[in-house]
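Participant: Make a model of this:
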Amino acid sequence: MMRNKKIFPRSAHLTAIVLVLTVSILSSCAAPQAPLAPAGSVLPQSPTTSAATQASQVKYSRSFTSSFDTVITLIAYADNQAAFDRWADLAESEFQKLHQLFDIYHEYPGINNLMTINKMAGKGPIPVDTRILDLIEIYLDNDHLAPGKVNPTLGLVLRIWHDHREAAESGQATVPNLTDLQAAAEHIDPATLRIDRQAATLELTDPLVQLDVGAVAKGYATEMVAQLLQDQGLTSGIISAGGSNVRLIGKPADPSRETWAIGIQNPFASMLIPEGQSVDVILANDTSVVTSGDYQRYYLVDGVVYHHLIDPDTLMPANYQRAVTIVTPDSGLADYLSTAVFLLPYEEGRKLVESLPDCEALWIFQDGSMQATAGLVALLKDKAQGNAKEMAEALAK
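Facilitator: This is a model prediction of the structure:
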């Protein structure tokens, strides 16, 4: 299995968070807690759990907002509240640790994290947690899939866009100066990264290079937590990291249900119309569902949307499609691919997806039309029929 990947903690306010995926558990199993919230991805089910044991389990849920500036929800079937609480405490603690490691805006006592590394650029090797090295190597090992598109050294450019989004929240919405972006782009270079696995160090040889792992960190963290929970005995559940990263663990522990049901967010629908948020539903187990879209973090200038998915070639937000959903077992890889495919023209992105094993995708375009790979169509409840824009307009009437 490949090393996982990213989403780094953003400083955006939680009130601005847009959940990309809505998860529905098709289960009549009673639960002594609130209904299922938006969720995450799918992991393999342990073959040691019998049908009888699963039938006796109860569905529990907990959400927390202490990591990655988003709502993270764990839904799991457990024998009792105490067993679920143990998993939930472990998940929250692990997400917090990973959040701190990948944070580029804050430092923490006793930790050399991404902010530390950026501050020490050009000053020699920095001892780091090996999970930072694992995350960086996801970028490097997969760069051949979409050369240069998903780049951990894009930080200086992304910081400019981040600052403009922050200013827009205060009513000062402007587009970055292209000259400033081009100057920052002079310091986009993965070759300046030096990893020493034996010494567990990372070095940025260019003092102006800045790391930003926001394209992969949340997916990587979700995968790591999912694997940890499985090791601790969880066989049926979902992790939702902000709704855009969904990790499915096993199958629903309800004998009457065979699959989880994951709603795909309609990028044209108002978040105030919950029933209009899904364009289709993925019926699947043991996999990850990750979406990248232009409606997650953005601001407007003269009616034009400027979102957070920046193309390293143009230094501007990509506009090939409105959203891309990737379905593949590993959440880290799914996060990487959702960004890469979003930044590629449809034909190139589809060719990439179809070249990979156990990988499916759905595209939603600016006109509301949709395309999906054959393998994903087989998992979709409505087979990607219809037009997302027309669906949203009909519900708004």
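
Participant: Strands of the stretch 201-350 of the chain, start to end?
Facilitator: 201-204, 237-241, 245-249, 260-265, 278-284, 288-293, 298-301, 304-307, 310-311, 316-317, 323-328 (DSSP state E, counting those that start in this stretch).

Participant: relative orientation of the longest one and strand 323-328 in degrees?
Facilitator: The one in question is strand 278-284. 0 degrees (axes from the mean of the first three to the mean of the last three Cα atoms, to 10 degrees).

Participant: One more: the third one?
Facilitator: Put simply, strand 245-249 runs at 30 degrees to strand 323-328, going by the same axes, to 10 degrees.

Participant: Strand 245-249 pairs with which strands, and in what direction?
Facilitator: strand 42-43 (parallel), strand 237-241 (antiparallel), strand 288-293 (antiparallel) (DSSP bridges).

Participant: For the ones you listed, could you give me CSV that also reports distance to residue 90 and mean pLDDT?
Facilitator: For the C-beta atoms, the positions are set from N, CA and C on the backbone; glycine is no exception. Listed next are those as CSV, based on distance: least, Cβ to Cβ, whole Å; pLDDT from 0 to 100:
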stretch, distance to residue 90, mean pLDDT
strand 42-43, 15, 31
strand 237-241, 12, 97
strand 288-293, 20, 97
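
Participant: Quick one: closest of those to residue 264.
Facilitator: Nearest to residue 264, of all the strands paired with strand 245-249, is strand 288-293, at 7.1 Å by Cβ to Cβ.

Participant: where along the stretch 51-200 of the chain do the helices fall?
Facilitator: Using DSSP state H, counting those that start in this stretch, the helices found in the stretch 51-200 of the chain span residues 51-55, 81-102, 114-119, 130-142, 155-169, 178-185.

Participant: Could you give the average pLDDT over the fifth one?
Facilitator: Just to be clear, that refers to helix 155-169. Averaging pLDDT along helix 155-169 gives 96.

Participant: quick check: angle from that helix to helix 178-185?
Facilitator: 140 degrees.

Participant: what packs against helix 155-169?
Facilitator: helix 178-185, strand 298-301, strand 304-307, strand 310-311 (3 or more Cβ pairs under 8 Å, 6 or more residues apart in numbering; DSSP states H and E).

Participant: rewinding a little: of the strands of the stretch 201-350 of the chain, which approaches residue 177 most closely?
Facilitator: The nearest among the strands of the stretch 201-350 of the chain, by Cβ to Cβ, is strand 316-317 at 12.1 Å.

Participant: which secondary structure elements does that closest one contact?
Facilitator: strand 304-307, strand 310-311.

Participant: Quick one, grab the pLDDT at residue 11.
Facilitator: 33.

Participant: before we move on, what about the one 10 residues further on?
Facilitator: Confidence at residue 21, expressed as pLDDT, is 41.

Participant: now residue 59
Facilitator: Value for residue 59, per-residue pLDDT: 96.

Participant: number of nearby residues for it?
Facilitator: 23 (other Cβ atoms under 10 Å).

Participant: Could you tell me how far it is located from residue 319?
Facilitator: Between residue 59 and residue 319 the computed distance is 41 Å (Cβ to Cβ, to the nearest Å).
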